[in-house]
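> Next input, structure requested:
(2 chains)
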Amino acid sequence: MTLRLLDTLSGEQRPFTPLDPTNVRVYSCGPTVYGPAHVGNFRSFLFSDLLVRYLRYRGYPVTWVMNVTDVDDKIIRGARAEGSTIAAVAERWTARFLDDATTLRMTTPDVMPRATAHVPEMADLIGTLLERGHAYRTDDGSIFFRIASWPAYGRLAHIDPAEMRVGERVESDEYAKDDVRDFALWKGPKDDEPAWETAIGRGRPGWHIECSAMSMRYLGASFDVHTGGVDLVFPHHEDEMAQSEAATGLPFVATWLHCAHLQMGGEKMAKSAGNIARVGDLVESGVSPRALRYSLLAAHYRMALSFSEDSLQAAASAVERLDAVWAALGAYRSDGPDDATLPALLAEARSGFEAGLDDDLNASPALASVFELVREVNRRIAARSLSTADAVRVREVLTDLDRVLALLPDEEALESDLVAMVAARAAARAARDWAESDRLRSALLERGVAVEDTRDGQRWRRVEVARG
RNA sequence: GGCGACGUACCCAAGUGGCCUAAGGGGGAGGUCUGCAAAACCUCUAUUCUCGGGUUCGAAUCCCGACGUCGCCUCCA
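You can find the predicted model right below:
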């Protein structure tokens, strides 16, 4: 089977066919760096990560672009509040974003363009829209996109512009415009706001134009996949699509993918609602980063997902189950013959994994397939029906699937004093000195090493040290 | 007011016409193994898929209605 994706624009699930098989181009709406992103934001980023990882697993070369919005109202307000500059604010929170992303094992995008470094490209694009009659200026130097000039407006979000609730929440814009539904491409200069001198005049870019300019700069006028959270469908992506296609006359994006919200306490996780959790705080409080990754990744991306203490705890246990079988395979030694049915078992696990992800990146059945493999492998380890080479084979398959999941433990050697403690415990056990052996076992556990006895001797694995 | 999604066990969550007397993870109860543990394995934990009608030989899956929850229409991942 091949990868099938559900495209927001057409509403259809279609086989993925790259525009250019030698370079699949993916653009993801990244963070606005006015503060630390919350785990709801990261659900969306990790869903893009899953897409990119799976495309690469499937053998496609991928160029992944994720923008950083480093100028907007909130950043300007933040800078003003602390008497600093938008550059300082943006730099601080960009660094934090990258730290959190690394913590969650997010693939580093190939390009992470910053809006402020691409103002000329945005001005060019706006210039084209002006020339083509899709944009107009207002007295304060702002430039708006004229929705009336673009009949296709509303196609992505499946809304009729005429039905928009004009007047209730849409207006109240500080900038005068011909039609309240028109959106800002360029905001005229204000005394207390940063502004750029460009071919279209002085001012600062609107939000939507950033993504159009930067995606096209790095991926071309048409590219394969554009991702983001569902809340970006309208107006952000609708506006992006309108202005991009109005400027180029070409289809902007082949497949639009939108990730459902993360919920906490029965509602969308959002800063404004106050129900947010942050990567840094969670990790600080002892949550395993891999458990956090698992909890954000384990459900289908288009389904609302509940985030809670319980879901995190369940994720931690699931990841530990992976750790346990990984350690058991690493410690496994048997001179017996190869297990003749193992290749079929491994092939079945892999095909279940791929079938799940091929179906619009459905992680649930993919993970189910992995855990079914884990159970069967545990059985065979207990029955000692695998050879040493078989254990390596299982590890190789898990490693390969982990290119997509990124959940397996890091391979790190034990510190020398811990190695000594493990050896001392083996000696104590050999001497049947249970008191000393138990003492060392708990001492090791306090240092984050779980020791388990098997008929081949003891094996160890890293565990999260309980804190707080 | 408009548009849309969802409602599956104690919790999270797949499945969307027959392989479902419903994956997987977590939790709980028993058991096996073990010096004791831990891990692991085994058994049990939804004859049922919010409710009421209907279509069909057959529905958790399709249709209609009710109830409930959430989202978008405004900055938002």
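> Which secondary structure state does residue A:178 sit in?
Assigned with DSSP: H, G, I helix; E, B strand; the rest coil, residue A:178 falls in the coil class.
> ok, it to residue A:144 distance?
Here the criterion is Cβ to Cβ, to the nearest Å. By it, residue A:178 lies 7 Å from residue A:144. Using the backbone N, CA and C atoms, a C-beta is placed for each residue, glycine as well.
> swap in residue A:451?
On the measure of Cβ to Cβ, residue A:451 and residue A:144 end up 67 Å apart.
> quick one: the helices in chain A?
For chain A, the helices defined by DSSP state H cover A:39-57, A:73-81, A:86-103, A:119-131, A:207-219, A:238-248, A:279-284, A:289-297, A:309-331, A:342-358, A:363-383, A:388-405, A:416-430, A:434-446.
> residues in the stretch 1-150 of chain A within reach of RNA strand B, list them.
By Cβ under 7 Å from any atom of the strand, the residues of the stretch 1-150 of chain A that approach RNA strand B are A:29, A:31-32, A:37, A:40-41, A:43-45, A:72-74.
> re the thing from before, name the residue in residue A:451 and residue A:144 with the higher neighbour count.
residue A:144 (25 against 20; other Cβ atoms under 10 Å).
> residues touching that one, list them.
By Cβ atoms under 8 Å, 6 or more residues apart in numbering, the residues touching residue A:144 are A:135-136, A:138, A:175, A:177-178, A:182-185.
> Could you pick out which of these are located in strands?
Among the contacts of residue A:144, the members found in strands (DSSP state E) are A:135-136, A:183-185.
> any idea which of those is closest to residue A:377?
Closest approach to residue A:377 among these (Cβ to Cβ): residue A:183, at 54.5 Å.
> any idea of the pLDDT on that closest one?
pLDDT recorded at residue A:183 is 94.
> who's it bridged to?
For residue A:183, the beta-bridge assignment (DSSP bridges) gives partners residue A:145.
> Give me the number of neighbouring residues for it.
23.
> Could you double-check that it sits in contact with residue A:208?
Yes: judged on Cβ atoms under 8 Å, residue A:183 makes contact with residue A:208 at a distance of 6.5 Å.
> Name the residues contacting each of those two.
A:235, A:239.
> need the contact list for the closest residue to RNA strand B within chain A.
Nearest residue of chain A to RNA strand B, counting by Cβ to the nearest atom of the strand: residue A:229, 1.9 Å away. Counting by Cβ under 8 Å, 6+ apart, residue A:229 makes contact with A:29, A:41, A:43-44, A:258-261.
> do residue A:67 as well
So residue A:67 contacts A:27-30, A:112-115, A:210-211, A:214-215 (Cβ under 8 Å, 6+ apart).
> And for residue A:346?
Contacts for residue A:346 (Cβ under 8 Å, 6+ apart) come out as A:373, A:393-394, A:397.
> For the residue nearest to residue A:102 when sequence neighbours are not counted, give me the backbone phi and psi.
Nearest non-adjacent residue to residue A:102, counting by Cβ to Cβ, 6 or more residues apart in numbering: residue A:108, 7.9 Å away. For residue A:108, the backbone dihedrals (degrees, to the nearest 10) come out as phi -70, psi 120.
> was I right about residue A:108 contacting residue A:101?
Yes: with contacts counted by Cβ under 8 Å, residue A:108 reaches residue A:101, the gap being 7.5 Å.
> out of these two, which sits in the busier spot?
Shown here are residue A:108 and residue A:101; by other Cβ under 10 Å, residue A:101 has more neighbours (23 against 11).
> The more buried one: what's it in contact with?
Taking Cβ under 8 Å, 6+ apart, we find residue A:101 in contact with A:42, A:45, A:108.
> Next one, pLDDT for the last one please.
This means residue A:108. Residue A:108 is assigned 98 on the pLDDT scale.
> Check residue A:172 too.
Here the pLDDT value assigned to residue A:172 is 44.
> for residue A:468, same thing?
37.
> got it, and residue A:311?
Predicted confidence (pLDDT) for residue A:311: 95.
> Same question for residue A:159.
pLDDT, residue A:159: 89.
> Can you get me a residue count around it?
Residue A:159: 15 neighbours (other Cβ under 10 Å).
> Which residue comes closest to it once chain neighbours are left out?
Residue A:159 sits nearest to residue A:234 (Cβ to Cβ, 6+ apart), 6.5 Å away.
> which ones are touching that neighbour?
A:156-157, A:159.
> Report pLDDT for it.
94.
> got it, and the one 3 residues further on?
The pLDDT attached to residue A:237 in the predicted structure is 97.
> Return the distance of the residue of chain A closest to RNA strand B relative to residue A:294.
As defined by Cβ to Cβ, residue A:229 lies at a distance of 20 Å from residue A:294.
> Kindly report the same for residue A:380.
Separation of residue A:380 from residue A:294 (Cβ to Cβ): 25 Å.
> Those two: who's more crowded?
Per other Cβ under 10 Å, whichever of residue A:380 and residue A:294 has more neighbours is residue A:294, with 24 against 19.
> Disregarding residues adjacent in the polypeptide, which is nearest to the more buried one?
Closest to residue A:294 by Cβ to Cβ, 6+ apart is residue A:315, at 4.2 Å.
> cool, residue A:289 as well?
Excluding the flanking residues, the one nearest residue A:289 by Cβ to Cβ, 6+ apart is residue A:103, at 4.7 Å.
> for the stretch 351-468 of chain A, which spans come out with low pLDDT?
Confidence mapping of the stretch 351-468 of chain A against pLDDT under 70 gives the ranges A:466-468.
> Write out the residues of it neighbouring RNA strand B.
Residues of the stretch 351-468 of chain A lying near RNA strand B by Cβ under 7 Å from any atom of the strand: A:356, A:359, A:362, A:364-365, A:367-368, A:371-372, A:374-375, A:378-379, A:381-382, A:429, A:434, A:437-438, A:441, A:450-454.
> Which ChimeraX command selects the buried ones in those?
In ChimeraX, a selection of the buried entries from those looks like this (16 or more other Cβ atoms under 10 Å):
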select /A:356,359,362,367,374,381,429,437,441,450,451
